[in-house]
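> Dropping a prediction and its sequence here:
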Amino acid sequence: MVLVLAAVAVLAASPGRADAAPLQCRRQGGEYRSWCADVTGLSGSNSLPLQRGPNYGDGTVPGTAYHNGDRLALGCWTTGPEDAGGHGDTYWFSVFDPNDPSIEGYVNDYNLTTGSPGQWMSVVERCANTPPVTSKPYRCRKSGGEYRSWCANVTGLAYNASLALRTDPDYDHGTVPDTAYHNDEPLALGCWTTGPEDAGGHGDTYWFSVFDPNDPSLEGYVNDYNLTTGSPADWKPDVNVCVSTPTTPTPTAGKYGINWANINYRGAVIATGKFNSGLHAFHETEDPNTKLGFNSFNLKDLKCGDGWGVGVSWQIGGGPVHDQRYTDCSGAPALHVLEPGGATHNLQSLTWGLYVWDPSPATDWGYSVERHDQYGSLSVQPNDRYFDFTTVYHDPVAGHDGQITLSVEPTQYLRRSHSQNFQAMWQDITQRTPLPANLTQDQVTSMYKQFWCHAFYSVHRIKGSGYYGGLTWDFESSRPNIPWSQVDTPPLPWDSTGNSTPYPNNHSCNW
């Protein structure tokens, strides 16, 4: 989970609330109007801000900073993600400052001297927006603040009794280790099926595949009788029936870094897809031998054996829609590198979508995420006087998502001839693979200066170490248009060892 704390540091290893309980406290006017608890569980002089919601994803209330021993009034309680220290406490309190009731927010139970639920449930009301025991499934949060699941609360247990998840939708196949849930604790609903009636003999034969919304790796089955699901009419519209293939319901879509991802109903990333325009993969990895490809899709199937294969559909310019799909992986997660080919001399628009699919012959399942990029241009001319190939492509870097890069591979003639026919060379490059029209004049001028610098200083070399400038010369639109006086500076002379630093001002033509 994401912990959004300003001045708050690490929580102490053990809570201070175990031997405490809420106490009645004064508000202005001298009357006992509230139940209070003290802040606890912080280490040293660290402070605790109030959260905007019963989770760590909505941010903190500005100007709030409480220390161990400070008192807060308890408004109501609800459930949410576990405490920041990972101790498994999923109770949250809506609180306010007893000295200034306008200051209010949420605090996890771990950081309050509330004692056990039996000590505060009788005096503190449940928050009104949390469904009561006899309600129906409700939308519940995962870390990051997105509603991704339907939840219900555990119910029907005796006081202090716990409920273990079952490995199958019956009482014969054992329980899932380390699972023990109490009344009112939330569980996320994956799908439903039928099985033996509930253990209490009430005739309820519905079972739910569930998982812990705070730790999706904890999953199993619970009989409907022990969940606040309401009637079948309340949950069947939102919860899918369990099926054998695929083993997880249809994923939803989400963004995963700069990749696009498909996320299953537990909130786990099961597949990611990325497009590398032109030579972008070579620049991003700084590996000239990378296998990630030119104008390539990189598709990762991260959950082998879950029944889902990964695929991609794409359209270049106004051309036909293409499609490539792969079956579910087995064993280790799989990386699929796909190079469609077909680059032209012009940069083209690209629309593409990652999806997952059910390989069963009867049905295609999946969720496609539309993404827009640019398909890199390419001109290969081995007999050209100056450049073996040229390419223009989208090359995003930190802070410059829209960067356009022009890369060329100089011929051996150009490297050895000391030619300074720079205008002819630049015309050769930009006619073969034109720059996009939306670049500014400053950007184009900067790219020309980068080219000029590479071409001019590449004739100076470290003896025995090949030619300067690398295998390719790369000119990026994000580099500033610096004055010629900073570009055109003579290289350093050869030193006594026969080596030289041929580039000016230490910028290596990449300022």
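All right, it came through fine. Since the model is a prediction, treat every value here as computed from it, not as a measurement. Numbers count the residues shown, from 1 in each chain.

> State the distance from residue 412 to residue 288.
18 Å (Cβ to Cβ, to the nearest Å). C-beta here means a position set from N, CA and C on the backbone, and glycine is covered the same way.

> With residue 311 instead?
30 Å.

> where exactly do the helices run in the stretch 401-511 of the chain?
412-417, 422-432, 441-457, 484-487 (DSSP state H, counting those that start in this stretch).

> Please identify the most buried of the ones you listed.
Across the helices of the stretch 401-511 of the chain, averaging neighbours per residue (mean count of other Cβ atoms under 10 Å) puts helix 441-457 on top, at a mean of 20.

> quick one: contacts of that one?
404, 406, 408, 410, 414, 420, 422, 425-426, 429, 435, 439, 468-469, 473, 475-477, 479-482, 484, 487-488, 491, 502-504, 509-510 (Cβ atoms under 8 Å, 6 or more residues apart in numbering).

> And the strands in the stretch 151-300 of the chain, which stretches?
186-194, 206-212, 215-223, 252-256, 259-263, 269-276, 296-301 (DSSP state E, counting those that start in this stretch).

> buried stuff in stretch 196-209?
Within stretch 196-209, the residues that count as buried by 16 or more other Cβ atoms under 10 Å are 197-198, 204, 206-209.

> how far is that stretch from where the chain is centred?
38 Å (Cα atoms, centre = their mean, to the nearest Å).

> Name the surrounding residues that touch that stretch.
With Cβ under 8 Å, 6+ apart, stretch 196-209 has contacts from 152, 156, 169-171, 187, 189-195, 219-227, 229, 232, 239, 242.

> Give me the average confidence score over that stretch.
Mean pLDDT, stretch 196-209: 84.

> okay, how far is it across that stretch, tip to tip?
From its first residue to its last, stretch 196-209 covers 14 Å (Cα to Cα, to the nearest Å).

> Identify the residue spatially nearest to residue 220, adjacent ones excluded.
Nearest non-adjacent residue to residue 220, counting by Cβ to Cβ, 6 or more residues apart in numbering: residue 165, 2.8 Å away.

> related to what we said a few turns ago, tell me which of residue 311 and residue 288 has more neighbours.
Higher neighbour count among residue 311 and residue 288: residue 311, with 25 against 10, using other Cβ atoms under 10 Å.

> any idea of the angle whichever strand or helix holds the more buried one forms with strand 269-276?
Counting by DSSP states H and E, the element that carries residue 311 is strand 309-316. Counting by axes from the mean of the first three to the mean of the last three Cα atoms, to 10 degrees, strand 309-316 lies at 30 degrees to strand 269-276.

> Okay, and the beta partners of residue 374?
Taking DSSP bridges as the rule, residue 374 bridges to residue 349.

> do residue 326 as well
residue 310.

> Next, count neighbours for it.
Quick note: residue 326 (other Cβ under 10 Å) scores 17 neighbours.

> Can you name the residues that contact it?
299, 301, 309-311, 334, 336.

> Then residue 428?
384-387.

> rerun at 6 Å
By Cβ atoms under 6 Å, 6 or more residues apart in numbering, the contact list for residue 428 reads residue 386.

> Next: residue 127.
Here residue 127 is in contact with 76, 78, 94 (Cβ under 6 Å, 6+ apart).

> about what we covered before: and the buried residues of stretch 196-209, which two are the farthest apart?
The distance between the two most remote of the buried residues of stretch 196-209 (Cβ to Cβ) is 17.6 Å, for 197 and 209.

> Tell me where the model's unsure across the stretch 301-450 of the chain.
359-369, 398, 417-419 (pLDDT under 70).

> let's go with 90 and repeat that
301-311, 318, 327-334, 353-372, 382-383, 385, 396-402, 410-422 (pLDDT under 90).

> Okay, helices next: where are they in the stretch 101-250 of the chain?
Along the stretch 101-250 of the chain, the segments classed as helices by DSSP H, counting those that start in this stretch run 117-120, 232-235.

> As CSV, those helices with mean neighbour count, distance to residue 457 and mean pLDDT would be great.
Formatted as CSV, the helices of the stretch 101-250 of the chain follow (neighbours: other Cβ atoms under 10 Å; distance: least, Cβ to Cβ, whole Å; pLDDT from 0 to 100):
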stretch, mean neighbour count, distance to residue 457, mean pLDDT
helix 117-120, 16, 73, 85
helix 232-235, 14, 70, 85
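
> Adding distance to residue 325, write the ones you listed out as JSON lines.
Output for the helices of the stretch 101-250 of the chain, formatted as JSON lines (distance: least, Cβ to Cβ, whole Å):
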{"stretch": "helix 117-120", "distance to residue 325": "50"}
{"stretch": "helix 232-235", "distance to residue 325": "33"}
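
> Residue 305: neighbour count?
Neighbour count for residue 305, taken as other Cβ under 10 Å: 10.

> just residue 283 next, same as before
Neighbours around residue 283, by other Cβ under 10 Å: 21.

> distance of it from residue 389?
16 Å.

> Over to residue 178?
Counting by Cβ to Cβ, the gap from residue 178 to residue 389 is 58 Å.

> Could you do residue 110 as well?
60 Å.

> How about residue 67, nearest residue that isn't a chain neighbour?
Nearest one to residue 67, counting by Cβ to Cβ, 6+ apart, is residue 47 at 5.5 Å.

> Hmm, the one you found is touching residue 65, no?
Yes: between residue 47 and residue 65 a contact is recorded at 3.9 Å, counting by Cβ atoms under 6 Å.

> so who does residue 348 touch?
Shown in contact with residue 348 (Cβ under 6 Å, 6+ apart): 316-317, 375.

> Any chance of a PyMOL selection covering the buried ones in the contacts of residue 127?
Applied in PyMOL, the following selects the buried portion of the contacts of residue 127 according to 16+ other Cβ under 10 Å:
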select buried, resi 78+94
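
> Point out the ones among the contacts of residue 127 that are inside helices.
If you go by DSSP state H, the contacts of residue 127 have nothing in helices.

> Next one: residue 100, what pLDDT does it get?
75.

> Please report the distance of it from residue 54.
Distance from residue 100 to residue 54, by Cβ to Cβ: 21 Å.

> who has more neighbours, these two?
residue 54 (24 against 9).

> so the more buried one touches residue 92, yeah?
Yes: here residue 54 lies in contact with residue 92, judged by Cβ under 6 Å, at a distance of 3.7 Å.

> intersection of neighbour lists for those two?
Contacts common to residue 54 and residue 92, judged by Cβ under 6 Å, 6+ apart, are 78, 80, 106.

> Can you select the buried ones among the contacts of residue 348 for me in PyMOL?
To isolate the buried members of these in PyMOL, using 16+ other Cβ under 10 Å:
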select buried, resi 316+375
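
> how about the contacts of residue 348 in TSV, adding distance to residue 277?
TSV is the format used below for the contacts of residue 348 (distance: Cβ to Cβ, whole Å):
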residue	distance to residue 277
316	11
317	14
375	7
